[in-house]
Every structure is written in structure tokens, then in C-alpha cells.
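Asks: this one's structure only:
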């Protein structure tokens, strides 16, 4: 059975045998959240800044898109001061069932709430929004079809008008054989998040590429048990592709964002106090235990901001409140 890649990804990830309805991401690939609690600490500092900028509202939202096993929201709740924790309304958004033992303060939902006042975090969420793949041929652009059971491919019809317009603007293919991943569904998904922000900030963190440096053959790939595997959309593995965050940014602005920051995770986390700086050796003799703890934390921080690793993620931050323009600071 030949289907488009978007249909195949939808079934492989979220269908009856869908990978994400059976599995938690932690067991298959390393994310910023699973790497250490340092990421949650940075999110908590960002949340505190959003809270202050909004005048400390009576109810402050934290929404975690693609929450997985709820680790991020759980760690943020544990680290929050009582004055903040008592005002927090935490929503973990995921299509899978909630994990056992989830904090009772966390609302588990299949979609983001309306009227959000606060912070939305979408960490490695957009890269799992299903999309189509197009290839340039001698006869023009064609959709790439795939057999979900084998991963074999063949060419199909021309993309529809909206997808052709997206490709022309965001991922033009000037030569035969070049491929693109049509990010329009991700734009729409991100716009739906921004559109639910009454007042606040939405942040997407993902592997990304800019319009002037798209990969010539795309980035579609798969992971299972910590390894990269062939992209066969049969439900046995995570199917993913990098994100055109610049296109998502434009969609967010159409949905109501009044400010946009596109940066790297390295720069964003450094602005939030994650530096990876090693402690001074003078501390070692005065407080050996403290020195070792600080050294271990520096190592965890360094992983999150490493330019060739997690630090190379793109960060898209969009605000719907003037007080949050230019965030993260």
C-alpha cells in the first residue's frame, strides 16, 4: 500500500500501532529533559521571568507540549518556590496515557488549553508533527510515496497548491533529485499554540535549519533503542525530521505573536544562567564535596549547550505580550 509520508508518519507515530502510544521517548533517544534536571531549572527560571513580566497573575500557566513521561513539568513543580507553585496551573499535553505516579497537580490533556497566561514549552515536539516529502524531477515537483511495511519509496502526484506555495517560499528545490520536507503542518501546529496564548511566551526547541541552508536531501530519519535506524514507518521506531523554525515563526506571527526571537539553545540557556563553567580549583581544597558536585553540574550544563549537540538546537520564542518582547533576555 503506497501512501504519502505524512499519512505514514501519522499512522506510525499515533495510529492504532503508533510508536508514541506504546513507548516513552526516554528509552529511545536522549533529549534535553532526560539529559539532566538542569534543563528544567532553566525552564523554571524562564517561567519566573514570565511570571514577573506579567505582573504575577493569580493563575500562571505552564504548558508542556509533547510531554512524554511528564519529567519536565514534574521537575519544574518540585523546584518551584511555594509562592509560585501555589499559583501554577500545569498542563502536560500528550496523546499517550499519563504515566503512573504523575503529580496530582499536573493536568494531562491531548491538546493545549485555550486562554493560556504564562509559558508554553515545546521541546522536540514539532519534529514529530507528520509531514509530506517532495522531490524535484525533470517533470516538476512530485510527492514521495512510501510503503509503510518496507520503507520502499516511489513518486506520486504533484503537491497541492498550498504545499507548492510553501515550498516556493520556504524550501525551493532548484535541481532534479533534491528533496524537501513540507513543513506546512508544523506551521499550522505552532500557530495553533500561539493562538491559544492570551498573554505569555511560547518556546519551541528542536533541531532546525534556515531557509538559506536547507539540507539538499532532507533530514527524515528514525530512532529506536538509542540508535539511528532505517526510516520504516511501521510503528516500530520514532520517525522524525528537522524543523523549518523560520517558517513556524512566520506562522506564529500570523497567529498573533507580537515579537519573535530565533536563536540557538546554547545562547538561550546561557542567557538563563546555564554556562557550563567549571568551579575554581581553589574550592577543591576548602570543600572537596562541593567542588565535585559543582564539577558534575558543570558537565551536565556543558552537554545542554554543546554547539555540536543539544546546544545546536534552534530556539523559537514568540510572545503575545509587550512585556515579554525579546525573550529570553
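Replies: Cool, the structure landed. Just so we're clear, the structure is a prediction, and the values are computed from it rather than from any experiment. Numbers count the residues shown, from 1 in each chain.

Asks: okay but residue 53 is in contact with residue 323, surely?
Replies: Yes - taking contacts as Cβ atoms under 8 Å, residue 53 lies within contact range of residue 323: 4.2 Å. No exception for glycine: its C-beta is placed from N, CA and C like everyone else's.

Asks: So if I had to pick from the two, which one is more boxed in?
Replies: The residue with more neighbours, out of residue 53 and residue 323, is residue 53; 19 against 14, by other Cβ atoms under 10 Å.

Asks: I'd assumed residue 318 was in a strand, is it?
Replies: Yes - assigned with DSSP: H, G, I helix; E, B strand; the rest coil, residue 318 falls within a strand.

Asks: Help me confirm that it comes into contact with residue 253.
Replies: Yes - at 7.3 Å, residue 318 counts as touching residue 253 under the criterion of Cβ under 8 Å.

Asks: Mind listing the shared neighbours of the two?
Replies: residue 260 (Cβ atoms under 8 Å, 6 or more residues apart in numbering).

Asks: who has more neighbours, those two?
Replies: Neighbour totals were compared for residue 318 and residue 253, and residue 318 leads with 30 against 15 (other Cβ under 10 Å).

Asks: How about residue 251, nearest residue that isn't a chain neighbour?
Replies: Leaving aside its chain neighbours, residue 251 sits nearest to residue 187 (3.7 Å; criterion: Cβ to Cβ, 6 or more residues apart in numbering).

Asks: which residues of the stretch 201-329 of the chain score low on pLDDT?
Replies: Flagging of the stretch 201-329 of the chain using pLDDT under 70 yields the residue ranges 276, 279-281, 283-291, 294-295, 329.

Asks: so where do the helices sit in it?
Replies: All helices of the stretch 201-329 of the chain, identified by DSSP state H, counting those that start in this stretch, fall at 245-254, 265-271, 282-286, 288-305.

Asks: what's the closest of those helices to residue 81?
Replies: Residue 81 lies closest, by Cβ to Cβ, to one member of the helices of the stretch 201-329 of the chain: helix 288-305, at 20.0 Å.

Asks: Please, where are all the helices along the stretch 51-200 of the chain?
Replies: Residue ranges of the helices in the stretch 51-200 of the chain, as given by DSSP H, counting those that start in this stretch, are 71-79, 82-85, 161-170, 184-194.

Asks: I'd like these laid out as a markdown table, including distance to residue 148 and mean neighbour count.
Replies: Output for the helices of the stretch 51-200 of the chain, formatted as a markdown table (distance: least, Cβ to Cβ, whole Å; neighbours: other Cβ atoms under 10 Å):
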| stretch | distance to residue 148 | mean neighbour count |
| --- | --- | --- |
| helix 71-79 | 30 | 21 |
| helix 82-85 | 44 | 12 |
| helix 161-170 | 21 | 15 |
| helix 184-194 | 18 | 22 |
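
Asks: Output the ones you listed in CSV; the columns should cover mean pLDDT and distance to residue 65.
Replies: Conversion of those to CSV gives the following (pLDDT from 0 to 100; distance: least, Cβ to Cβ, whole Å):
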stretch, mean pLDDT, distance to residue 65
helix 71-79, 94, 10
helix 82-85, 93, 21
helix 161-170, 98, 22
helix 184-194, 98, 7
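
Asks: how about these, which one is nearest residue 216?
Replies: When those are compared by Cβ to Cβ, helix 161-170 sits nearest residue 216, at 13.9 Å.

Asks: Let me know the angle separating that closest one from helix 245-254.
Replies: Between helix 161-170 and helix 245-254, the angle comes out at 120 degrees (axes from the mean of the first three to the mean of the last three Cα atoms, to 10 degrees).

Asks: how far out from the middle of the chain is helix 161-170?
Replies: In terms of Cα atoms, centre = their mean, to the nearest Å, the centre of helix 161-170 is found 23 Å from the chain centre.

Asks: Remind me what that helix packs against, helices and strands.
Replies: strand 132-137, strand 179-182, helix 184-194, helix 245-254 (3 or more Cβ pairs under 8 Å, 6 or more residues apart in numbering; DSSP states H and E).

Asks: who's in contact with that helix?
Replies: With Cβ under 8 Å, 6+ apart as the criterion, helix 161-170 contacts 132, 134, 141, 158-159, 173, 180, 182-184, 187, 211, 244, 246-247.

Asks: ok, of those, which come out buried?
Replies: When these are checked for burial by 16 or more other Cβ atoms under 10 Å, the buried set is 132, 134, 141, 159, 173, 180, 182-184, 187, 244, 246-247.

Asks: Right, I'll call it a day here.
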